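# prediction below, plus the sequence it came from.
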Amino acid sequence: MTQFVRNAWYVAAWSTEIDEELRRFTLLNEHVVMFRKSDGSIAALEDRCPHRLLPLSKGKRIGDTVQCGYHGLTFDGTTGMCTRVPGQTNLPKSAYVLSYPIEERHGIVWIWMGDPDKADRTKVFDMPEFTAPGWKVHHGDALHLQSNYLNVAENLVDPAHISFVHPTTLGSSASENVPVHVQTEGEAIVAWRWIRDAEPVGFFKGFGGFTGNVDRWHYYYLYTPSTAVIDFGSAPVEMQIGEDERDRGVRIFALHFVTPVTKDYTIDRWMHIRNSALDDPTAEETMDRMFRIAFAEDKEILEAVQKEEERPAKRRPIRIAIDKGPLVYRKRINELLELERTEDLASHPSPAFVYHD
Amino acid sequence: MTQFVRNAWYVAAWSTEIDEELRRFTLLNEHVVMFRKSDGSIAALEDRCPHRLLPLSKGKRIGDTVQCGYHGLTFDGTTGMCTRVPGQTNLPKSAYVLSYPIEERHGIVWIWMGDPDKADRTKVFDMPEFTAPGWKVHHGDALHLQSNYLNVAENLVDPAHISFVHPTTLGSSASENVPVHVQTEGEAIVAWRWIRDAEPVGFFKGFGGFTGNVDRWHYYYLYTPSTAVIDFGSAPVEMQIGEDERDRGVRIFALHFVTPVTKDYTIDRWMHIRNSALDDPTAEETMDRMFRIAFAEDKEILEAVQKEEERPAKRRPIRIAIDKGPLVYRKRINELLELERTEDLASHPSPAFVYHD
Amino acid sequence: MTQFVRNAWYVAAWSTEIDEELRRFTLLNEHVVMFRKSDGSIAALEDRCPHRLLPLSKGKRIGDTVQCGYHGLTFDGTTGMCTRVPGQTNLPKSAYVLSYPIEERHGIVWIWMGDPDKADRTKVFDMPEFTAPGWKVHHGDALHLQSNYLNVAENLVDPAHISFVHPTTLGSSASENVPVHVQTEGEAIVAWRWIRDAEPVGFFKGFGGFTGNVDRWHYYYLYTPSTAVIDFGSAPVEMQIGEDERDRGVRIFALHFVTPVTKDYTIDRWMHIRNSALDDPTAEETMDRMFRIAFAEDKEILEAVQKEEERPAKRRPIRIAIDKGPLVYRKRINELLELERTEDLASHPSPAFVYHD
């Protein structure tokens, strides 16, 4: 069975997806009902009445509580505690639903599906370009993939695939054999490469309007469990841009918030931040169009890979040089899973751990 | 694996569903082929040739026998015994299909899926109002639900849900907190409540034409394994109707014949018997329309519950005061299942039970 | 789990199904990518990159090699060996895909899914009438069945079913009780019967133009694992045709190449060879039309049988006199499977077989 890292912030939705209605979301194979309370903050409750298991999202919102649609048990939108059981006056202690910590920032709704005591709001992903002058933030869309989230995230620390998967937009044959650098920077795994003095790829013909040869970079930052920032851009060769001077070129951050829905279904919410054509809405449309082409290509590959992974195999997949980023990523995820297992054991020790002196 | 009570009469069909053609029905996860024999009685055979397993319903009726559509083996519609094997003259003893006892009464076809020796026709559900003067019988329809039959039947001994599930037809908020009485009467579990001096619910605005406040009752009789009679009605407050005087009011029996098809698919054939507006066909239409609204609401709830029950759960559902009827019902079903297991052991003792003195 | 006989030639496709494009075929529950190389011969490779498992059929043909669509690993169309890994110069030994032996003959593409060293091309099915004068070969079509291949093949050594399944084309009630002869002839199991002096069946009213009574024969040759030749025909009674004089009558060979796709999905590619109406294209159309009627009838029966076989059963199917051909066939298949298991053990002995003296 697929396990998910639970003690982590995941993107549950764009802010625009949540309003006064009861809406069901599925994350980490669990159903969550979300709605905006009267103060505008977001309630996120386990979407299953503890009585006859009806999803609360099939019920009715009453003020900041949710009334189950079967027998009227009512739950507080903030704490999840039952506030009413029709036909009786006492409220059983076991009458509650889980309530999940939520953090809303920059139009993005983050949820914590693990131990609420560990939910540290300072750990929610952020970057200065969300609010800094000279940058334009644009929310994109949500890409739904029939694929395990690890495959989706791994693809976002893998610069090598773009020459083959995205030949008309993000890559070209000029980069096929350019080696990839990989290192870790704190919580991020970074994989990058520069392609110097080459024809601009399709994306930068459409956006940036480059005609002569350019220096082009791709930096993939992957934060566990599954947030990716792809820093890519181009600058005319004549500019002789240095590796740390990327702001001088046309620079784009493509952000991917990868949310595991079930073991074989993932949503990748994507957006971008750019330092050029700030007030040009057609530039945004051009970028979106090209991203959609590229992400549809990813989707086709990743869903085909998923299907093959579910089939019996007689031999282990081979690993090659360009796999370094993905391998470090998988190792980190496994360490986090192992850590959570160990912590669970420590907080709920089984009898085998109880010693009598 | 879901077990079904086998030694019981279940409704297989309305009489109108069965004619001279071979028709397949699925009950208790078994396929049965049914047709009317030349004398008008109903044949009900195991729908699987014992040779190459082709459903007999894919074959051909020849007089009161059924010929398999693959190699022509032919089976008697009454006994199920093989009467012909093309290409040979001897008939193997193992060449037979099961034949199920059938009882047809009041336009309803009952089938016995268990030990034929135990099929007692006097135990088929009946009630005097089917034929008594002053009552009008109306066959309704069949509601198909993607739900285990226990959830469907349990819902029919649960008066508490109607305030929340059927607010426009059978219930209203006036009854949300009115306690439910539960007792057993022989084979029936009875759950009931009276709501005195309240506005009529939608149903009795549409049927009965009540305008002032009424006394309203709901009696739910659930007979194992899965036949329910809901006795409900209203009378003007001024009538000061007594609990045993329900015939004085507008009284309706809603009958539900719940048939397990598979573990997660159930058919609820419903009909009603009334003591008012006997010769008014539009009254019948009005009632049917309101029942359809209510049963569609049940279907949505029960199918959502079914889906949740199939998901992994970390804690046991809680039980509350209004659950008494359903809990008694589940206990009875489990006792019947246990009884059948024990009888099976007694009639087919395993070697462990054979002693040599 | 269904096992398949691997050391055998199966029909993968008609020749017309394969061209320069990468096309995926599924056989014995494995995916194979096929295409015509520049010399016109056919490449057949395991359709799964050993790196990230993407099907090679999602990639790109480059000359006689296939480039994976994810990271560009490239494989030789003849040997399956990796010829390029972008981003590195060394080629790991484990970087290869399986390459399957192919034999193309009479417009039919045969594939060997087992041990390549055992692929003996002289064992590919052939018969002189493919090229002999006086015979006309006509490729038919491919019948897709949701059924295990053993049921499909067994149906092709079972003359008894045609009276019941194909009453308007290949059979009639005249033959219902005519016994079936069965014997083995080398690799073939032969089941046959003659129906003498009977009205012509639908097929021979439509093709052959018989009006009076005929002598009719059906010889079913089934070659393991799953190639069938049905030799059937008719001659006027007055001709007094002998059993070994079938060329004197209107004689047709219906060929069936049965390919297991998965355990419950099978393709039956069918064609026919005739000794009459050689230059009459409408005769061909008439035959095709009647075959399509008959094969649709088989499909309905075989798919219904498959569904029943997948259901739990309380007793073993019975066997009757006409089952002899199918029983011999199943026995042969089981012997072949057992032989392959034994050979696997011999060539890959487990540690338990290693003795130290």
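Structure's in. What do you need?

# endpoints of stretch A:230-242, how far apart?
End-to-end distance for stretch A:230-242, by C-alpha to C-alpha, to the nearest Å: 18 Å.

# other residues contacting it?
A:156, A:170, A:196-197, A:200-201, A:204, A:208, A:210, A:212-221, A:246, A:248-256 (C-beta atoms under 8 Å, 6 or more residues apart in numbering or on different chains). For glycine as for every other residue, the C-beta is placed from the backbone atoms N, C-alpha and C.

# hang on, residue A:340 in a helix?
Yes. Judged by DSSP: H, G, I helix; E, B strand; the rest coil, residue A:340 forms part of a helix.

# confidence score at it?
Listed pLDDT for residue A:340 reads 93.

# separation between it and residue A:189?
20 Å (C-beta to C-beta, to the nearest Å).

# among those two, which residue is more densely surrounded?
For residue A:340 versus residue A:189, neighbours defined as other C-beta atoms under 10 Å in any protein chain shown are more numerous around residue A:189 (25 against 19).

# part of a helix, is that one?
No. Counting by three-state DSSP, residue A:189 is not found in a helix; it is strand.

# ranges for the helices of the stretch 251-357 of chain A?
Ranges of helices in the stretch 251-357 of chain A, per DSSP state H, counting those that start in this stretch, are A:281-309, A:324-347.

# contacting residues around residue A:177?
Contacts of residue A:177 by C-beta under 8 Å, 6+ apart are C:86, C:87.

# quick check: residue A:173 touching residue A:167?
Yes. Judged on C-beta atoms under 8 Å, residue A:173 makes contact with residue A:167 at a distance of 7.2 Å.

# more crowded one of these two?
More crowded of residue A:173 and residue A:167, by other C-beta under 10 Å: residue A:167, with 16 against 13.

# how close does that one get to residue C:74?
15 Å.

# could you point out which of the helices of the stretch 251-357 of chain A sits nearest chain C?
helix A:281-309 (3.9 Å; C-beta to the nearest C-beta).

# quick one: list the elements packing against the closest one.
strand A:136-145, helix A:149-154, helix A:162-165, helix A:202-206, strand A:265-274 (3 or more C-beta pairs under 8 Å, 6 or more residues apart in numbering or on different chains; DSSP states H and E).

# do that again at 10 Å, thanks
When contacts are defined as 3 or more C-beta pairs under 10 Å, 6 or more residues apart in numbering or on different chains; DSSP states H and E, helix A:281-309 packs onto strand A:136-145, helix A:149-154, helix A:162-165, helix A:202-206, strand A:250-262, strand A:265-274.

# chain B: which of those is closest?
Among the helices and strands packed on helix A:281-309, if distance is taken as C-beta to the nearest C-beta, the winner is strand A:250-262, at 10.7 Å.

# okay, now the sheet partners of the closest one, with direction.
strand A:227-236 (antiparallel), strand A:265-274 (antiparallel) (DSSP bridges).

# give me the nearest residue to residue A:111, chain neighbours excluded.
residue A:12 (4.0 Å; C-beta to C-beta, 6 or more residues apart in numbering or on different chains).

# show me what contacts that neighbour?
Taking C-beta atoms under 10 Å, 6 or more residues apart in numbering or on different chains, we find residue A:12 in contact with A:18, A:25-27, A:32, A:34, A:42, A:44, A:100, A:102-104, A:108-113, A:257, A:259, A:267, A:269.

# same thing but at 7 Å, please
By C-beta atoms under 7 Å, 6 or more residues apart in numbering or on different chains, the contact list for residue A:12 reads A:25, A:27, A:34, A:109, A:110, A:111.

# domain parsing of chain A, as residue ranges.
Listed domain ranges for chain A are A:9-121, A:127-332 (source: automatic domain parsing).

# and the longest one, end to end?
Counting by C-alpha to C-alpha, the length from the leading to the trailing residue of domain A:127-332 is 22 Å.

# hey, which of the helices of the stretch 251-357 of chain A is tucked in deepest?
helix A:281-309 (a mean of 17; mean count of other C-beta atoms under 10 Å in any protein chain shown).

# tilt between it and strand A:265-274?
150 degrees (axes from the mean of the first three to the mean of the last three C-alpha atoms, to 10 degrees).

# circling back: can you redo the helices and strands packed on helix A:281-309 as TSV with mean neighbour count?
Shown next, in TSV, are these (neighbours: other C-beta atoms under 10 Å in any protein chain shown):
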stretch	mean neighbour count
strand A:136-145	17
helix A:149-154	24
helix A:162-165	24
helix A:202-206	20
strand A:250-262	22
strand A:265-274	22
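
# now for the lowest-mean-pLDDT helix or strand in chain A, which elements pack on it?
In chain A, the helix or strand scored least confidently by mean pLDDT, DSSP states H and E is helix A:202-206, which has a mean of 86. Counting contacts by 3 or more C-beta pairs under 7 Å, 6 or more residues apart in numbering or on different chains; DSSP states H and E, helix A:202-206 packs against helix A:281-309.
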